[in-house]
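Asker: Structure for this input, please:
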Amino acid sequence: MAKTLPVDDLVALLEEVADCDGVSPELRNRAANMYVAWQRRVRQHRARAGRPISAEQKALVVDAIAAGLSLRAACDLAGVHNSTIYREIRRDPEFGAAIEDARLVAASFAEERLEEIALDGPLDSIATVRAAEIVLRHRTARYR
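Answerer: Okay, here's the model as predicted:
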């Protein structure tokens, strides 16, 4: 497995290659482009993390989670950074409860679908057997 460099070391290496005279122009340009792209991503990340969130964005995140998306995907859909959502969950207990309710709705859809597969699927299918296993394991844990 390749060893990964810490971000600061990577930035220093890219700056060093971009400023080096003994490196081919193609490699120097590639390193400079990588460094510029990295700076752009950092600026975009910081800009998104500090923005306030509107009521429409909150509703969009809740609806997306209820539809089965992950929190990160819901945040991307609403154009909000996920740290902003976590901050809002801490600040607004009603919003936190709405997120939790949306997660329960998404889980219930998944449970229903798994139950359909387990009960109506072909008996020789691995998917049917696996769905039945998950449903039974979940029910056993729920009724303990």
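
Asker: which intervals of the chain have sub-threshold pLDDT?
Answerer: Low-confidence segments of the chain, defined by pLDDT under 70: 1-25, 27-29, 31, 42-51, 138-144.

Asker: same thing but at 90, please
Answerer: Where the chain drops to pLDDT under 90, the residues are 1-54, 66-73, 75-85, 104-144.

Asker: Could you point out the longest helix of it?
Answerer: helix 93-120 (DSSP state H).

Asker: What segments of the protein are helices?
Answerer: Under the criterion DSSP H, helices of the chain are mapped to 7-19, 25-49, 55-66, 71-78, 82-91, 93-120, 126-142.

Asker: would you turn these into TSV with mean neighbour count?
Answerer: Bear in mind the C-beta positions are built from the backbone N, C-alpha and C, glycine included. Formatted as TSV, the helices of the chain follow (neighbours: other C-beta atoms under 10 Å):
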stretch	mean neighbour count
helix 7-19	13
helix 25-49	12
helix 55-66	18
helix 71-78	18
helix 82-91	15
helix 93-120	14
helix 126-142	13
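
Asker: picking that back up, can you state the direction angle for the longest helix of the chain and helix 126-142?
Answerer: Angle, helix 93-120 to helix 126-142, by axes from the mean of the first three to the mean of the last three C-alpha atoms, to 10 degrees: 130 degrees.
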